[in-house]
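Peer 1: sequence and predicted structure, then a few things I'm wondering about:
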Amino acid sequence: MDMHTGVIKPRLSFWQLWNMSFGFFGIQFGFALQNANTSRIFSTLGADPDNLALYWLAAPVTGLLVQPIIGYLSDNTWHPKWGRRRPFFFIGAVLAAIALFLMPNSSVLWMAVAVLWLMDAAINVSMEPFRAFVGDKLDVSQQTAGYAMQTFFIGCGAVIASLLPTFFESMGVSNEAVGGLIPDTVRYSFYAGGAIFFLAVLWTVLTASEQPPADLEAFNAERKHARSFGVALKEIVGGFAKMPKTMVQLAFVQFFTWIALFAMWIYTGSAIADNVFGTVDAQSSEFQSAGSWVGIMFAVYSGVSALAAFILPIFARATSRKTVHATCLAIGGLSLASIYFITDKQMLMLPMIGVGLAWASILTMPYAILAGSLPAKRMGYFMGLFNFFVVIPQICSGLLLGGVTKHFFGGHTVQTLVLGGACMLIAAVLTLFVTDRAAPVKAAI
């Protein structure tokens, strides 16, 4: 039963959970290709290493603008055939597929940065309604399992997407940045990612159903009122003052968590190239090899997260969701910082196991904790608003990490990864102070 509306929600089967979450397999193709290759693309096109974090600002700024708006619009959408969230799944998938085809064909830096804006906006159009989708369809006793299923597909999609450049290289495709252009291995990976993104999201659109609002007449009347620009703006901005206590507490956890993740995504490539492969020359074959190796590293943490997705709810049931999340963040923080001490590329896989545990929890536990504290009719808006606390730390990272790396770490980005690990440890401590009001009765699928 939904604790806010009193509506009894049917318990879904394993395959129903599978179908409603399968779109995340494609969504993560987009994010994984972006995370593992964007810095490589920017560097290949001549980006100043000190400004890498600034170029990445396109992604979080886009999320800051797009997500609460999409959440608000999806809350106030209903179509007899398409439902509430699925129109946004589909539109986002079309736009993201186009962006994924454009990104590796960028010939100059400004074009790559512009396409990153489009790509991140499109992925967010699809992704945020997926988070609300779980809250819409699942009883509180299944919400942790629903987010765990999403995490499983996120992990699977990320593993394959992260390995694609290495796969294409093994097939004889060139991994060289000929004439300063993007290597063919990266281009073909993005082409495959665009197709898979669209098809996976389309699967969920076609196989998952949505129930109409309990009082459709009242919903339509409220929706007409919500279409006013003034009302919409007031609702979107005014939501900050109405955030549940649990959401405020989680905001601090998310802030430090995502500073760590953003540091990892931006700087792992250059850190491994410098610390392990012994080069900072973005045009060298060693730098491109380091980029491919980072793809393998990211595939490992993504694979671990896919496996952990179904194990973490069991531990959460035995202890608590916040205990599991704090533990996983602590392991992830120590693992990320440990990269500083590793100079053998094979040994780099060990810290990725710890990062994978943290990633699985980051994608599952905060959303499961949050969903139980949100009003059902504003689930999409608050899930979009919650993402502010994902993108704000990314913006802070984009503005500050470059200067910190240059002036405090002498340009050695591996030390920036240590800073990220410390931030994740702070997030682990803050998790212990979160109030989890809706502990699940049964977290298993």
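Peer 2: It's in.

Peer 1: drop to CA atoms for contacts and neighbour counts, all remaining ones
Peer 2: Will do.

Peer 1: now Ile27: how far from Ile392?
Peer 2: 21 Å (C-alpha to C-alpha, to the nearest Å).

Peer 1: in stretch 171-182, which residues are buried?
Peer 2: Val173, Asn175, Glu176, Ala177, Gly180, Leu181, Ile182 (16 or more other C-alpha atoms under 10 Å).

Peer 1: oops, could you answer that again for stretch 302-319 instead?
Peer 2: 302-310, 312-314, 316-317.

Peer 1: on that earlier part again, the more surrounded of Ile27 and Ile392?
Peer 2: Set side by side, Ile27 and Ile392 show more neighbours around Ile27, with 31 against 19, by other C-alpha atoms under 10 Å.

Peer 1: burial count for the closest residue in space to that one that isn't next to it in sequence?
Peer 2: Once flanking residues are discounted, Ile27 sits nearest to Phe197: 5.6 Å by C-alpha to C-alpha, 6 or more residues apart in numbering. Using other C-alpha under 10 Å, Phe197 has 26 other residues around it.

Peer 1: re earlier: now for the buried residues of stretch 171-182: which two are most distant?
Peer 2: Pairwise distances across the buried residues of stretch 171-182 (C-alpha to C-alpha) peak at 16.6 Å, for the pair Val173 and Gly180.

Peer 1: immediately after whichever helix or strand Thr151 is part of, which helix or strand?
Peer 2: Assigned by DSSP states H and E, Thr151 falls within helix 140-170. Note on helix 140-170: by DSSP H and E, the next helix or strand toward the C-terminus is helix 184-207.

Peer 1: which outside residues touch that following helix?
Peer 2: 19-30, 33, 37, 82, 86, 89-90, 93-94, 96-101, 103-105, 161, 164-166, 168-169, 173-176 (C-alpha atoms under 8 Å, 6 or more residues apart in numbering).

Peer 1: try it again with 6 Å
Peer 2: 19-20, 23, 26-27, 29, 86, 93, 97, 100-101, 104, 164-165, 168, 173-175 (C-alpha atoms under 6 Å, 6 or more residues apart in numbering).

Peer 1: which elements pack onto the helix holding Thr151?
Peer 2: helix 23-44, helix 184-207, helix 285-308, helix 349-371 (3 or more C-alpha pairs under 6 Å, 6 or more residues apart in numbering; DSSP states H and E).

Peer 1: just the helices in the stretch 301-445 of the chain please.
Peer 2: For the stretch 301-445 of the chain, applying DSSP state H, counting those that start in this stretch gives helices covering 312-318, 321-338, 349-371, 379-386, 388-407, 413-431.

Peer 1: dump the ones you listed into a markdown table; add distance to Asp136 and mean pLDDT as well.
Peer 2: Formatted as a markdown table, the helices of the stretch 301-445 of the chain follow (distance: least, C-alpha to C-alpha, whole Å; pLDDT from 0 to 100):
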| stretch | distance to Asp136 | mean pLDDT |
| --- | --- | --- |
| helix 312-318 | 20 | 87 |
| helix 321-338 | 21 | 96 |
| helix 349-371 | 10 | 91 |
| helix 379-386 | 7 | 71 |
| helix 388-407 | 21 | 85 |
| helix 413-431 | 25 | 96 |
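
Peer 1: Ile123: which of these is closest?
Peer 2: Closest approach to Ile123 among the helices of the stretch 301-445 of the chain (C-alpha to C-alpha): helix 379-386, 13.0 Å.

Peer 1: just put the helices and strands packed on helix 140-170 in JSON lines and tack on distance to Ser270.
Peer 2: Below are the helices and strands packed on helix 140-170 laid out as JSON lines (distance: least, C-alpha to C-alpha, whole Å):
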{"stretch": "helix 23-44", "distance to Ser270": "8"}
{"stretch": "helix 184-207", "distance to Ser270": "17"}
{"stretch": "helix 285-308", "distance to Ser270": "8"}
{"stretch": "helix 349-371", "distance to Ser270": "17"}
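
Peer 1: ok, which of the ones you listed comes nearest Gly71?
Peer 2: Among the helices and strands packed on helix 140-170, helix 349-371 comes nearest to Gly71, with 14.0 Å by C-alpha to C-alpha.

Peer 1: tell me the angle that closest one makes with helix 140-170.
Peer 2: 150 degrees (axes from the mean of the first three to the mean of the last three C-alpha atoms, to 10 degrees).

Peer 1: what's the closest of the helices of the stretch 301-445 of the chain to Asp75?
Peer 2: Short answer: helix 379-386, nearest of those by C-alpha to C-alpha, at 5.5 Å.

Peer 1: where does the nearest residue to Ser106 once chain neighbours are set aside sit, in terms of helix or strand?
Peer 2: Leaving aside its chain neighbours, Ser106 sits nearest to Ala112 (5.3 Å; criterion: C-alpha to C-alpha, 6+ apart). Here Ala112 sits within helix 109-137, counting by DSSP H and E.

Peer 1: and that helix, what's buried?
Peer 2: Across helix 109-137, burial judged by 16+ other C-alpha under 10 Å covers 109, 111-137.

Peer 1: quick one: average confidence on that helix?
Peer 2: Averaged across helix 109-137, the pLDDT comes to 83.

Peer 1: between that helix and helix 23-44, how big is the angle?
Peer 2: Put simply, helix 109-137 runs at 160 degrees to helix 23-44, going by the same axes, to 10 degrees.

Peer 1: which strands and helices sit next to helix 109-137?
Peer 2: With contacts defined as 3+ C-alpha pairs under 6 Å, 6+ apart, the packing partners of helix 109-137 are helix 58-75, helix 86-102.
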